[in-house]
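Q: Here is the input, now give the coordinates:
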Amino acid sequence: MEVLPLVALVAGSAAVAGVARRTPVPAPLLLVAAGLIAAYVPGVPSYALDPHIVLPLLLPPLLHTAAVDSSYLDLRANARPIALLSVGYVLFATLAVGYVAYLLVPGLSLPVALVLGAVVAPPDAVAATAIARRLGLPNRMTTILQGESLVNDATAITAYKVALAAAVGVSAGWAGGVAEFLLASVGGVGVGLLLMVPIHQLRKRLKEPLLQNTLSLLIPFVAYAAAERVHASGVLAVVVVGLYLGHRNWQVDFATRLQEEAVWKVVAFVLESVVFALIGLQLPVVLKGLGEYEGAVAAWYALAVFLAVVAARFLWVFPATFVPRWVSERIRQREPETDWKSPVVVGWAGMRGVVSLAIAFSVPMDVPHRNLILFLTFTTVIGTLVVQGLTLPPLIRALKLPPRDVQAETLAEAQAQSEASRAAEERLAELLERPENGTLPPPLADRLRTVLERRRNAVWERLGEVNPLTGESADDVYRRLAREMIGAEREVFVSLRDRRRIDDEMLRALLRRLDLEEAAAYREESG
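A: Numbers count the residues shown, from 1 in each chain. Predicted structure coming up:
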């Protein structure tokens with residue numbers, strides 16, 4: 001691809017995503033719509049979705065950042081529903097949608113129909129989890145949707161490879177397909193387990209934050225390539241490594257964590273924006289290859305597959321939610337009570353995304369009905385993003401699900417901070433008594449205690465009274481005044497540089513000190 005079209009794609013996607021943040025419309029929907037419109041604007045180049053680029057270059061970093069940001073403990077606590085969705089549902093959807101397509105399309109063999117089923121089986125939970133966070137869904141539901149999105153791509157890609165082998169006549173039978181599926185799954189997890197500890201140890205031993213973050217950018221590609229090299233699931237390898245590194249991230253130094261968070265936020269923002277824009281931009285490519293089918297017939301096939309995809313999710317989610325609870329006393333005791341509202345939301349949150357399109361474009365040219373597979377995948381992705389994406393927020397509001405208990409979360413945070421502050425006070429008293437620390441001047445010792453007291457009180461003050469005139473708590477006012485003071489200092493430093501009383505190197509050092517203080521205040525406010 002030429003440089004200018006690539007730059008235009010990234011810049012345009014980022015601009016649309018930035019606009020979406022100021023509207024109630026989820027960013028993925030606006031990006032897809034913009035891509036659909038741009039595809040027919042004169043002068044816009046044709047963007048072909050190359051699976052050899054999307055799967056190995058775009059999927060690993062997106063999975064890595066999602067895995068690192070996920071909670072290993074929460075995922076482990078919800079392993080049963082996550083496994084039922086990410087493995088059980090994907091396989092069920094592959095069979096159900098494939099069989100519907102087999103009955104619907106004349107001349108479509110069952111193996112080729114199962115290829116289509118595997119392609120459209122994995123939901124892309126990026127949009128769903130973004131909506132869940134915006135509307136404040138319960139943490140457990142958000143965790144289940146996140147966990148599903150981490151593993152379901154691996155299940156779908158493996159199921160696709162098995163079905164494709166059967167479609168082109170190189171499969172060793174269904175028993176061989178099951179063996180291949182198990183080998184890819186176990187192998188992917190195994191590669192991740194082998195890599196995660198050495199990679200983490202290497203991160204801890206690299207003392208330079210720039211080197212550590214360079215390694216961080218390479219990790220998902222190394223894990224993916226290593227697993228694919230031995231014909232295992234690269235997706236699962238990336239997820240296993242990412243979960244371990246996220247769980248152990250506290251063991252690296254603070255400078256690395258700060259830089260890494262900023263770097264990966266940019267990477268995730270750009271990649272997510274680009275992949276959803278690419279979905280819309282594929283319309284001319286998909287329609288161009290649909291010449292063998294009449295418009296009305298193709299539209300009927302698209303509607304039927306879309307309905308099959310939606311129905312299959314509900315047919316799986318409701319029994320998977322309630323049947324295990326009916327038959328197992330242990331599950332009832334271990335997991336919280338649930339009603340019909342939660343599976344309705346989880347069932348309707350099954351939007352498809354770029355992974356389905358990338359897999360569809362990787363179908364070999366000699367596979368029968370390839371153009372129809374591409375078309376039905378595209379219409380299913382667009383249909384789920386538009387229909388379900390636009391209606392999911394009002395559905396959640398209409399069901400009146402219990403929101404996150406912000407008050408309880410803040411109270412738990414305050415209690416945790418109090419315990420940590422007590423430990424810090426004891427540690428400070430112990431250190432001040434040691435002769436090697438010398439006699440610390442009282443103002444400096446008081447400063448340490450003041451900072452500790454400020455950190456301890458900050459969370460409690462979020463629970464306190466709010467000023468009726470401004471809607472601010474005392475802690476909000478403190479942070480606002482602190483930022484105003486920092487702004488005043490920054491203006492003086494720049495003025496001194498402009499009058500040549502200090503040089504640019506000293507200005508950068510002084511501004512960095514202020515930036516760190518302002519960042520600390522901002523993190524407290526946004527956290």
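Q: all contacts plus neighbour counts: C-alpha atoms, from now on.
A: OK.
Q: After the one helix or strand in the chain whose mean pLDDT sits lowest, heading C-terminal, what element do we hit next?
A: When each helix and strand of the chain is scored by mean pLDDT, DSSP states H and E, helix 126-135 comes last, with a mean of 65. Toward the C-terminus, helix 126-135 is succeeded by helix 139-167 as the next helix or strand (DSSP states H and E).
Q: Could you list the buried residues of the helix or strand following that next one?
A: The helix or strand immediately downstream of helix 139-167 is helix 174-205, counting by DSSP H and E. Buried positions in helix 174-205, judged by neighbour count with 16 or more other C-alpha atoms under 10 Å: 177, 180-181, 183-192, 195-196, 199-200, 203-204.
Q: gap between the residue positioned nearest the centre of the chain and Gly295?
A: Nearest to the mean C-alpha position of the chain, by C-alpha atoms, centre = their mean, lies Ala66 at 3.9 Å. Relative to Gly295, Ala66 is positioned 39 Å away (C-alpha to C-alpha, to the nearest Å).
Q: same check, this time on Val270
A: Distance from Val270 to Gly295, by C-alpha to C-alpha: 35 Å.
Q: what about the two, which has more around it?
A: Shown here are Val270 and Gly295; by other C-alpha atoms under 10 Å, Val270 has more neighbours (16 against 11).
Q: got a list of what the more buried one touches?
A: Contacts were defined as C-alpha atoms under 8 Å, 6 or more residues apart in numbering; by that measure Val270 touches 10, 13-14.
Q: now do 7 Å
A: By C-alpha atoms under 7 Å, 6 or more residues apart in numbering, Val270 lies in contact with 10, 14.
Q: With the one 4 residues further on instead?
A: Each residue near Val274 by C-alpha under 7 Å, 6+ apart is listed here: 9-10, 13.
Q: can I assume Ala232 is in contact with Ala184?
A: Yes. Using C-alpha atoms under 7 Å, Ala232 is in contact with Ala184, at 4.0 Å.
Q: Would you agree the residue nearest to the centre of the chain falls within a strand?
A: No. Counting by DSSP: H, G, I helix; E, B strand; the rest coil, Ala66 is located in no strand; its state is helix.
Q: where does the stretch 301-450 of the chain dip in pLDDT?
A: 403-406, 437-438 (pLDDT under 70).
Q: all helices of it, in order?
A: In the stretch 301-450 of the chain, the segments counted as helices under DSSP state H, counting those that start in this stretch are 329-334, 341-348, 354-361, 370-383, 389-399, 406-432, 442-462.
Q: Out of those, the one nearest Pro26 is which?
A: Among the helices of the stretch 301-450 of the chain, helix 389-399 comes nearest to Pro26, with 7.7 Å by C-alpha to C-alpha.
Q: any idea how far the nearest residue to Leu374 once chain neighbours are set aside is from Gly295?
A: Once flanking residues are discounted, Leu374 sits nearest to Ala360: 5.7 Å by C-alpha to C-alpha, 6 or more residues apart in numbering. Counting by C-alpha to C-alpha, the separation of Ala360 from Gly295 is 21 Å.
Q: Please apply the same query to Phe254.
A: Counting by C-alpha to C-alpha - Phe254 and Gly295 are separated by 58 Å.
Q: Could you give the number of residues near Arg313?
A: Counted with other C-alpha under 10 Å, residues neighbouring Arg313 total 25.
Q: That one contacts Gly347, correct?
A: Yes. Using C-alpha under 7 Å, Arg313 and Gly347 qualify as a contacting pair, with a distance of 5.7 Å.
Q: ok, how many other residues are close to Asp498?
A: 12.
Q: how close does it get to Glu505?
A: Applying C-alpha to C-alpha, the value for Asp498 to Glu505 is 13 Å.
Q: same question, Ser13
A: Where Glu505 is concerned, Ser13 sits at a distance of 36 Å (C-alpha to C-alpha).
Q: Looking at these two, which has the bigger crowd around it?
A: Neighbours per residue (other C-alpha under 10 Å) separate Ser13 from Glu505, with Ser13 holding more: 28 against 9.
Q: dump the residue contacts of the more buried one.
A: Neighbour list for Ser13: 31, 273-274, 277 [criterion: C-alpha under 7 Å, 6+ apart].
Q: circling back to that earlier point, can you redo the helices of the stretch 301-450 of the chain as JSON lines with mean neighbour count and distance to Leu49?
A: Shown next, in JSON lines, are the helices of the stretch 301-450 of the chain (neighbours: other C-alpha atoms under 10 Å; distance: least, C-alpha to C-alpha, whole Å):
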{"stretch": "helix 329-334", "mean neighbour count": "11", "distance to Leu49": "44"}
{"stretch": "helix 341-348", "mean neighbour count": "19", "distance to Leu49": "27"}
{"stretch": "helix 354-361", "mean neighbour count": "24", "distance to Leu49": "7"}
{"stretch": "helix 370-383", "mean neighbour count": "24", "distance to Leu49": "11"}
{"stretch": "helix 389-399", "mean neighbour count": "15", "distance to Leu49": "23"}
{"stretch": "helix 406-432", "mean neighbour count": "14", "distance to Leu49": "42"}
{"stretch": "helix 442-462", "mean neighbour count": "15", "distance to Leu49": "48"}
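Q: Make TSV out of those helices and add distance to Ile144.
A: Listed next are those as TSV, based on distance: least, C-alpha to C-alpha, whole Å:
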stretch	distance to Ile144
helix 329-334	16
helix 341-348	9
helix 354-361	19
helix 370-383	21
helix 389-399	16
helix 406-432	19
helix 442-462	28
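Q: and Ala520, which of the ones you listed is closest to it?
A: Comparing those by C-alpha to C-alpha, helix 442-462 comes nearest, at 10.7 Å.
Q: Going along the chain from that closest one, find the next helix or strand for me.
A: helix 474-498.
Q: Quick one: mean pLDDT over whatever helix or strand comes next after that next one.
A: Downstream of helix 474-498, the first helix or strand assigned by DSSP H and E is helix 504-526. For helix 504-526, mean pLDDT rounds to 77.
Q: With stretch 109-121 instead?
A: The average of the pLDDT scores along stretch 109-121 is 94.
Q: Which other helices and strands does the helix or strand containing Gly242 contact?
A: Here Gly242 sits within helix 234-247, counting by DSSP H and E. Here helix 234-247 touches helix 59-69, helix 139-167, helix 174-205, helix 209-229, going by 3 or more C-alpha pairs under 7 Å, 6 or more residues apart in numbering; DSSP states H and E.
Q: Compute the number of surrounding residues for the residue nearest to Arg483 when sequence neighbours are not counted.
A: With C-alpha to C-alpha, 6+ apart as the criterion, Arg483 has its nearest non-adjacent residue at 6.4 Å, and that residue is Glu518. As a burial measure, Glu518 scores 18 neighbours (other C-alpha under 10 Å).
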